[in-house]
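Visitor: Sequence first, then the predicted structure:
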Amino acid sequence: MASLSLLSAVLDQPARLEDRARRDVAGLMKALESVTDPRKRRGRRFELVVVLALAVLAVCCGASSFAVVAETVADLERRLLVGFGLGCRRPPSAATFRRVLNVVDPGELDEALSVWATGTDPVPEPEPEPEPEPEPEPEPEPEPEPEPEPEPATADEPAAATATEPGTAAATEPGTAAEPGTATEPGTAAETGTGTGTGARAGSVEVVDLVVALDGKTLKGARSWGEDGVMRQEAVVEAVEHGTRRVHGLVRVVGGDENAAVLALVGRLAARRGGSLAGVVVTTDAKHTTRELTATIIRLGGHYLLPVKGNAPTAYAVLDALAWTKVENAQVVREKGHGRQETRTIRLVTLAGIDTTLTGVAQAGRVRRSAQRKKTVTTPAAWTHENVYLVTSMTHRHAHAEKVARMVREHWGCEVLHWQRDVVFGEDGHTARTGNGPVNLAILRNTVLTRPDGTGARPGIATLRARARKPERALSALAS
């Protein structure tokens, strides 16, 4: 009896694998249904959802190119493929994956996968309130009959008093025009993010629940020569969450204009949250610090923490002219490692009535980095000093020195994500450059690096090798 029970368990294993695959990828398949299929109806052999879901599984196992994606899928067990909805057909070829990923819209694919991978529940935009119906005009009242004129007073009767008694006139009593405490107290203007006096908005700062770093990345291998003889490289701008390094979106850079891509990505994040950036803080590089970006973030109800350098000359001149020597250090951090000693100090000041041409600036900061490198055979030990100016729309009550310094350092966590894509997946060495293929492959890699496995760990090289040996291990990362 024991041998029969073991035999039945072995025979039942493929069915369990099919059911598990169908159950674990149900959320992924549902998310991919929102992607439009641009292919012609004639000649389709595979559903778009099936091809995209198998591509996600293959990249989750470490596939880095169209050929490796097809080889990984071809080695999957038949029951696992059936769980993905493939049926009795043979797996798609490398040409099929290439054609599909070259024509699928990157915006739709990224929106579907980033929302699913981060577990974000999109908030629908509020419906506009219906215009109130005009009230009917009131009927004209009949004119009152003229009162009879009073008879002139006689000498025996005194004339009626027509003057108003003291205190009953229409003039307001002293103190009623503005009660004590109703006037704006000193300092409240800065608390609402109106430090510059330009683009002011009312209301207090809400609780911050998301801090994202917007940063660009060039796909070095995806380069091509245009008709004008100029080489072009694909580039993208991504929104990476501080701390967790989850990717909340990606936008393609068109014509080398990263600032336009940053604005488009900010708009997408706001649309996903019901048209508002309430509770969101945006950090970027200095080249993205523009008046358009600050005005857009403030208009959408969000906040920002941006570095200011020479590309914003007016704001830089204003910050550089402040009396920083009279401001005490709000935080001093000393670290030792990587062959150097480093001291980081931060000073913050509240800007009141100072126009930096940037919208909604409430505070300005200066971060000073002093590093001493070790003595080497060719160079002596030496100190280097660097000052970086910052602006933020958050006030001192909601963005103290420790919080600002932490945001500044966590912004560079996006570079860890880029390093993983280059080292783990070899993105810079991949030469796909046709259509939307390079950008869509980058979206698949972001999805895999955003989605943790059952243990909560981010995939590394060892994890991808383990999944390649046994692809069903990747189902835990795809389970919704």
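Guide: Good, I have the coordinates. Numbers count the residues shown, from 1 in each chain.

Visitor: quick one: residue 413 and residue 451, what's the gap?
Guide: The spacing between residue 413 and residue 451, counted by C-beta to C-beta, to the nearest Å, is 17 Å. The C-beta positions use only the backbone N, C-alpha and C, and glycine is treated the same way.

Visitor: quick one: which of the two has more around it?
Guide: Neighbours around residue 413 and residue 451, counted as other C-beta atoms under 10 Å, are more numerous at residue 451. The numbers are 24 against 16.

Visitor: quick one: contacts for that one?
Guide: Contact analysis of residue 451 by C-beta atoms under 8 Å, 6 or more residues apart in numbering lists 60, 117, 477, 478.

Visitor: Bridged to the residue nearest to residue 407 when sequence neighbours are not counted, which residues?
Guide: Excluding the flanking residues, the one nearest residue 407 by C-beta to C-beta, 6 or more residues apart in numbering is residue 305, at 5.3 Å. For residue 305, the beta-bridge partners are residue 283, residue 392 (DSSP bridges).

Visitor: Could you pull up the residues touching residue 305?
Guide: Under the criterion of C-beta under 8 Å, 6+ apart, the contact list for residue 305 reads 281, 282, 283, 390, 391, 392, 394, 399, 404, 407, 408.

Visitor: how close does the first one get to residue 393?
Guide: Applying C-beta to C-beta, one obtains 9 Å for the distance of residue 281 from residue 393.

Visitor: Compare neighbour counts for these two and give me the winner.
Guide: Taking neighbours as other C-beta under 10 Å, residue 281 and residue 393 compare with residue 393 leading, 30 against 25.

Visitor: Pretty sure the more buried one sits against residue 298.
Guide: Yes. Counting by C-beta atoms under 8 Å, residue 393 does reach residue 298; the two are 6.4 Å apart.

Visitor: returning to what we had before: hey, what's in contact with both of residue 281 and residue 393?
Guide: With C-beta under 8 Å, 6+ apart as the test, residue 281 and residue 393 both reach 303, 304.

Visitor: Go ahead and build a ChimeraX selection from the buried members of the contacts of residue 305.
Guide: Here is the ChimeraX command that selects the buried residues among those (16 or more other C-beta atoms under 10 Å):
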select :281,282,283,390,391,392,394,399,404,407,408
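
Visitor: Helices of the stretch 301-450 of the chain, residue ranges please.
Guide: For the stretch 301-450 of the chain, the helices defined by DSSP state H, counting those that start in this stretch occupy 313-320, 401-410, 413-423, 437-450.

Visitor: Go through those helices and pick out the most buried.
Guide: helix 437-450 (a mean of 25; mean count of other C-beta atoms under 10 Å).

Visitor: following that helix, which helix or strand comes up?
Guide: Using DSSP states H and E, the next helix or strand after helix 437-450 towards the C-terminus is helix 461-469.

Visitor: related to what we said a few turns ago, nearest to residue 106 among the contacts of residue 451?
Guide: For the contacts of residue 451, the closest approach to residue 106 (C-beta to C-beta) belongs to residue 117, at 15.2 Å.

Visitor: What's the separation between the nearest residue to that closest one once chain neighbours are set aside and residue 316?
Guide: Using C-beta to C-beta, 6+ apart and skipping the chain neighbours, the partner closest in space to residue 117 is residue 450 (4.3 Å). In this view, residue 450 and residue 316 are 35 Å apart by C-beta to C-beta.

Visitor: go on, residue 339?
Guide: Distance of residue 339 to residue 316, computed by C-beta to C-beta: 32 Å.

Visitor: Dump the C-alpha coordinates for stretch 352-370 into CSV.
Guide: Extracted C-alpha coordinates of stretch 352-370, given in CSV (Å, rounded to 0.1, in the frame of the first residue of the first chain):
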residue,chain,number,x,y,z
ALA,A,352,10.7,83.5,3.1
GLY,A,353,10.1,86.0,0.4
ILE,A,354,13.1,84.9,-1.7
ASP,A,355,12.3,84.1,-5.3
THR,A,356,14.4,81.4,-6.8
THR,A,357,12.2,81.1,-10.0
LEU,A,358,11.3,77.6,-8.8
THR,A,359,7.8,77.0,-7.7
GLY,A,360,6.9,76.2,-4.1
VAL,A,361,10.4,76.3,-2.5
ALA,A,362,10.0,76.2,1.3
GLN,A,363,13.6,75.3,2.4
ALA,A,364,17.1,75.4,1.0
GLY,A,365,19.9,73.2,2.1
ARG,A,366,23.6,72.8,1.6
VAL,A,367,25.3,69.4,1.8
ARG,A,368,29.1,69.6,2.3
ARG,A,369,31.1,66.4,1.5
SER,A,370,34.7,66.2,2.8
